[in-house]
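Visitor: generate coordinates for the sequence data below:
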Amino acid sequence: MNKKIQSESELEDDLRKEYDLSQLKNPVRGKHYQQYQQGHSVTIHHEDGTITTEHFPKQNDVIILDSDLKKYFPDSESVNNALRHLLLAIPPQ
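Guide: This is a model prediction of the structure:
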């Protein structure tokens with residue numbers, strides 16, 4: 001199946017308005033993508049002064065949905081449920 005490659009102007013802008021990137025001089029899309037794929041940690045500073053660190057392992061199982069499917073499958077749970085029901089329709093081998 002061939003997918004039409006979209007230009008930057010055709011891509012859906014889903015960035016929240018509070019993240020104003022217009023002030024950046026040289027924004028780079030995917031700048032930290034390779035590092036993110038290798039796994040990463042996030043440190044959370046809570047209002048009560050405590051600090052929590054969450055570790056996220058290497059991400060090699062990420063699947064990206066096309067935008068027309070996102071309205072039907074808004075989260076991982078909905079995708080997993082649909083696939084499980086689909087598997088029930090496949091005869092066992």
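
Visitor: okay, the residue nearest the centre of the chain and Leu87: tell me how far apart.
Guide: The C-alpha lying nearest the average C-alpha coordinate of the chain belongs to Ile64 (C-alpha atoms, centre = their mean; 7.0 Å). When distances are taken as C-beta to C-beta, to the nearest Å, Ile64 and Leu87 turn out to be 21 Å apart. Any C-beta I mention is one placed from the backbone N, CA and C, and that applies to glycine too.

Visitor: quick revisit: so for the residue nearest to the centre of the chain, what's the pLDDT?
Guide: At Ile64 the predicted local confidence, pLDDT, stands at 79.

Visitor: all helices of this structure, in order?
Guide: Using DSSP state H, the helices found in the chain span residues 33-37, 67-70, 76-88.

Visitor: for Lys17, find the nearest of these.
Guide: With C-beta to C-beta as the criterion, Lys17 lies closest to helix 67-70 of those, at 19.2 Å.

Visitor: what is the rounded mean pLDDT of that closest one?
Guide: Along helix 67-70, the predicted confidence averages to a pLDDT of 89.

Visitor: one more: stretch 19-32?
Guide: Across stretch 19-32, the per-residue pLDDT values average to 78.

Visitor: contact partners of it?
Guide: Applying C-beta atoms under 8 Å, 6 or more residues apart in numbering, the external contacts of stretch 19-32 come out as Leu15.

Visitor: how much space between Asp68 and Asn81?
Guide: Taking C-beta to C-beta as the measure, Asp68 and Asn81 are separated by 19 Å.

Visitor: all set, thanks.
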